[in-house]
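1. no sequence on this one, just coordinates:
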């Protein structure tokens, strides 16, 4: 059972470059989300999706796009990388986004923008 | 606003001793609380959750958590610590103020278990 799989695990980008962080889950979860983890700021929600074809913004969406064409996949796109986007990114999925459901996290992508 | 707080940045215990990692919460309505663990360079792993019922919740790897409504606390515990329990621990609650499903995390507590 793979759970939530993120690729790549590490990435270095130059300022202005674009890239896509991949996320896939095999648990048939409806709800998926992206967080970034920064020292002293904890985990912050970037974007989320409550099902295929439906996405919405979290608390720090600027500079990022998402799409959800299938239940399994939820890629995160950085449009034009900036040093402020240096962070560790986590994808998470859960059965739904309701209050009593736990989330399952991928292993993270450590992104450095130079 | 919903929030969780972990008052200790770091907890140090000797192997074999009991451990407690503290969490307090502020939520409207019934609290649904979670504990996650993060090992170095790894993602967050779900340990346990409190939904309703028994105030003592048992989870993975021998961990348990005690829910105390009067003290608004949800402390993580383990009777006998292992060196391999050394990691970063997060308490969390789902945000109810909107429809994002966002998890609100405490700032995290680093647990160091020394042999």
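-> Nice, thanks for sending it over. Everything numeric here is computed off the predicted structure, so don't read it as measured data.
2. Next, the buried residues of the strand of greatest length in chain A.
-> Across chain A, the longest stretch assigned as strand under DSSP state E is strand A:42-51. Within strand A:42-51, the residues scored as buried using 16 or more other Cβ atoms under 10 Å in any protein chain shown are A:42, A:43, A:44, A:45, A:46, A:47, A:48, A:49, A:50. C-beta: built from backbone N, CA, C; applies to glycine.
3. counting contacts, what elements does that strand pack onto?
-> Counting by 3 or more Cβ pairs under 8 Å, 6 or more residues apart in numbering or on different chains; DSSP states H and E, the packing neighbours recorded for strand A:42-51 are strand A:31-38, strand A:54-57, strand A:64-66, strand B:103-105.
4. Just give me the neighbour total for residue A:40.
-> Number of residues near residue A:40 (other Cβ atoms under 10 Å in any protein chain shown) recorded here: 5.
5. Could you double-check that residue B:59 sits in contact with residue B:35?
-> Yes: using Cβ atoms under 8 Å, residue B:59 is in contact with residue B:35, at 6.9 Å.
6. Have a look at those two and say which one is more surrounded.
-> Counted by other Cβ under 10 Å, residue B:59 and residue B:35 do not tie: residue B:35 has more neighbours, with 28 against 18.
7. do you know how far that one is from residue B:43?
-> As for residue B:35, its distance to residue B:43 is 15 Å (criterion: Cβ to Cβ, to the nearest Å).
8. How about residue B:13?
-> 24 Å.
9. Over to residue A:22?
-> For residue A:22 relative to residue B:43 (Cβ to Cβ), the value is 14 Å.
10. contacting residues for the closest residue to chain A within chain B?
-> Using Cβ to the nearest Cβ, the single residue of chain B nearest to chain A is residue B:101, 2.4 Å away. Residue B:101 makes contact with A:31, A:33, A:48, A:50, A:94, A:96, A:97, A:98, B:94, B:95, according to Cβ atoms under 8 Å, 6 or more residues apart in numbering or on different chains.
11. go on, residue A:9?
-> Residue A:9 neighbours (Cβ under 8 Å, 6+ apart): A:107, A:108, A:109, A:110.
12. The residues you listed: which ones sit near chain B?
-> Filtering the contacts of residue A:9 for neighbours of chain B using Cβ under 8 Å from any Cβ of the partner chain leaves A:107, A:108, A:110.
13. Can you tell me the number of residues neighbouring the spatially closest residue to the first one that is not a sequence neighbour?
-> This points to residue A:107. Nearest residue to residue A:107, sequence neighbours excluded (Cβ to Cβ, 6 or more residues apart in numbering or on different chains): residue B:43, at 4.4 Å. When counting by other Cβ under 10 Å, one arrives at 21 neighbours for residue B:43.
14. Is residue B:43 in contact with residue A:103, as I believe?
-> No: counting by Cβ under 8 Å, residue B:43 sits too far from residue A:103 to count as a contact (10.3 Å).
15. thought residue B:89 was touching residue B:20?
-> No: assessed by Cβ under 8 Å, residue B:89 is found out of contact with residue B:20, at 10.8 Å.
16. anything in contact with each of those two?
-> Going by Cβ under 8 Å, 6+ apart, residues that sit against residue B:89 and also against residue B:20 are residue B:76.
17. if you count what's nearby, which of those two comes out ahead?
-> Ranked by neighbour count (other Cβ under 10 Å), residue B:89 and residue B:20 place residue B:89 first, with 24 against 14.
18. Out of the ones next to chain B among the contacts of residue A:9, which is nearest to residue B:83?
-> residue A:107 (22.0 Å; Cβ to Cβ).
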